[in-house]
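**Q** got a predicted structure here, sequence first:
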Amino acid sequence: MKNYHTHTFRCKHAIGDVADYVEAAAARGISVLGFADHTPLPDGRWSSIRMAVEDLPGYVGAIEQAKKDNPQMTILKGMECEWAAEYHSFFRDVLLGEFGLDYLVLGCHQFPINGGWQSSHTAPNDAAYLAAYTKHLIASMQSGLFAFVAHPDLFGLTYLEWDEEAEAAARDILSAAEELNLPLEINGLGLSHRVVQTSLGPRTAYPWLPFWELAAEFDVQVVVNSDAHQPQGVAQGLREGLMFARKLGLTLAEFDHLGG
């Protein structure tokens, strides 16, 4: 098994350090383990839910040490990033350049609307907010910085019904992924722990089944990750996510350039 989406205590809403996740991953038969903790930002924005810039050397150092200590496993250095134009050079020149990260993950947890930023986790169940999320996600995808998109259907956490607006948003996201040849993530944390109540009853917030049924109509690739925030969750949803993808006939991405 492979997992490219793992967090550490440095993001302030996860527990465990690199070595703890590596030990748990080895016990669960994971051969490729990628770390993609929430990136620091040079202006300190959203600092309560991400590591600080001064934590970057320790994060990279812990991963490099784990690679030396565990030659039997492919261990990769990544970051999960909210894109904005003002951060583009930081992601490119500092994270990928100076710190030599193997890859960046796009996570659209915040998007601009009405002159400010809105959390995707608390956005109103409103078509205008869905449109703003979709517009920003696609602009972020077009930046060319990212190896894949984490939980592209995150909007299902707060936009509760699959209606014309939801389908239109999904089609726009999937069209962009197809055009850019950018893989989309089936998220194990969502599959295991994210349930919302709707007029039709409870459902998994993400992965949202209609989104992925629609994905089967597009030439897109998918990656299944755990999005682990604690060591015991390092393999959460991986087998189930793979079964989910195969049942829908989705194509799994191969990250040969990352060693897995």
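**A** Sure, I can see it. Bear in mind that the values here come from a model prediction, so they are computed numbers and not experimental data. Numbering: from 1, shown residues only.
**Q** tell me where the chain has strands.
**A** With strands called from DSSP state E, the chain shows them at 2-3, 32-38, 74-81, 103-106, 110-113, 116-119, 148-149, 184-187, 195-198, 201-204, 221-225, 251-252.
**Q** okay, now the sheet partners of the third one, with direction.
**A** In the sheet containing strand 74-81, the strands it pairs with under DSSP bridges are strand 32-38 (parallel), strand 103-106 (parallel).
**Q** chain center to that strand, what's the gap?
**A** Centroid separation between strand 74-81 and its chain, computed with CA atoms, centre = their mean, to the nearest Å, is 11 Å.
**Q** who touches that strand?
**A** Residues outside strand 74-81 that contact it (CB atoms under 8 Å, 6 or more residues apart in numbering): 4-5, 7, 22, 31-39, 60, 63-64, 66-67, 87, 91, 95, 99-107, 145-147, 150, 258-260. Every residue, glycine included, has its C-beta placed from N, CA and C.
**Q** same question, the fourth one
**A** The set of residues external to strand 103-106 that reach it, using CB under 8 Å, 6+ apart, is 4-5, 34, 36, 39, 76, 78-81, 83, 91, 95-96, 137, 140-141, 145-150, 185, 255, 258.
**Q** give the rounded mean pLDDT of that strand.
**A** Averaging pLDDT along strand 103-106 gives 98.
**Q** how far off centre is it?
**A** Worked out by CA atoms, centre = their mean, strand 103-106 lies 8 Å from the chain centre.
**Q** from what I see, Thr251 and Val224 are in contact.
**A** No. Contact criterion CB atoms under 8 Å: Thr251 and Val224 do not qualify, at 11.9 Å.
**Q** nearest to Ala132, out of the strands of the chain?
**A** strand 110-113 (4.1 Å; CB to CB).
**Q** partner strands of that closest one and their direction?
**A** By DSSP bridges, strand 110-113 pairs with strand 116-119 (antiparallel).
**Q** tell me which residues of the strand it pairs with are tucked away?
**A** Under the neighbour-count criterion of 16 or more other CB atoms under 10 Å, strand 116-119 has Gln118 buried.
**Q** excluding its backbone neighbours, what's nearest Val52?
**A** Let me fix one detail, which is that residue 52 is Ala and not Val. Pro40 (5.5 Å; CB to CB, 6 or more residues apart in numbering).
**Q** what about the one you found, how many residues nearby?
**A** Using other CB atoms under 10 Å, Pro40 has 25 neighbouring residues.
**Q** ok, Val53 next?
**A** Neighbourhood size, Val53 [other CB under 10 Å]: 16.
**Q** check contacts around the nearest residue to it once chain neighbours are set aside.
**A** The shortest distance from Val53 to any non-neighbouring residue, by CB to CB, 6+ apart, is to Pro40 (4.4 Å). Listed by CB under 8 Å, 6+ apart, the contact set of Pro40 reads 50-53, 55-56.
**Q** in helices only, show me those residues.
**A** Under the assignment DSSP state H, those contribute Leu56 to helices.
**Q** can you pull up the bridge partners for the nearest residue to Leu160 once chain neighbours are set aside?
**A** Spatial nearest neighbour of Leu160, chain neighbours left out: Thr198 (4.6 Å); criterion: CB to CB, 6+ apart. With DSSP bridges as the criterion, Thr198 is bridged to Gly201.
**Q** any idea which helix is longest in this structure?
**A** As assigned by DSSP H, the longest helix anywhere in the chain is helix 164-180.
**Q** returning to what we had before: buried deepest among the strands paired with strand 74-81, which one?
**A** Highest mean neighbour count among the strands paired with strand 74-81 (mean count of other CB atoms under 10 Å): strand 32-38, with a mean of 25.
**Q** any idea how far Leu250 lies from Leu242?
**A** Going from Leu250 to Leu242 by CB to CB, to the nearest Å gives 10 Å.
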